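> Predicted coordinates and the sequence they were generated for:
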Amino acid sequence: MMSRLTLDDLLDQLEQARQIAIDDRKPSAMIQATATMAKLTGYDRPQLKDVNADAVQTISDLMNELADDETTKRLSHE
């Protein structure tokens, strides 16, 4: 009988591979493992946001409306 891998199993294996890459000082392998983890968890996809076009009058207002979420705020203040 074949054992089925779960998402957690795959993420654990990728984390082990990432740690080996870090220990072996192989940044490209570390980046690949991290990128694969992002793909599996959906963090590689852009996040869509609805904006009420009637509520904005200028490009600046639109940009502020689009940036009005916690992730964007955190990234812009680092």
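Perfect, thanks for sending it.

> sec struct for Leu39, please.
Let me fix one detail, which is that residue 39 is Lys and not Leu. helix (DSSP: H, G, I helix; E, B strand; the rest coil).

> so what's it up against?
The contact partners of Lys39, taken as Cβ atoms under 8 Å, 6 or more residues apart in numbering, number zero. The C-beta positions use only the backbone N, C-alpha and C, and glycine is treated the same way.

> Pull up the gap between it and Leu10, please.
Relative to Leu10, Lys39 is positioned 11 Å away (Cβ to Cβ, to the nearest Å).

> Would you map the helices across this structure?
7-23, 27-41, 59-66, 70-76 (DSSP state H).

> Domain-wise, how is the chain divided?
7-45, 47-78 (automatic domain parsing).

> Below-threshold pLDDT in this protein: ranges please.
Within the chain, the segments meeting pLDDT under 70 span 1-2, 48-51, 53, 55-56, 68-78.

> which residue is nearest the centroid of it?
Residue closest to the mean C-alpha point of the chain, counted by Cα atoms, centre = their mean, is Tyr43 at 2.9 Å.

> so how far is Met63 from that residue?
Taking Cβ to Cβ, one finds Tyr43 at 23 Å from Met63.

> Over to Ile31?
For Ile31 relative to Met63 (Cβ to Cβ), the value is 30 Å.

> residue contacts, Pro27?
So Pro27 contacts Ala21 (Cβ under 8 Å, 6+ apart).
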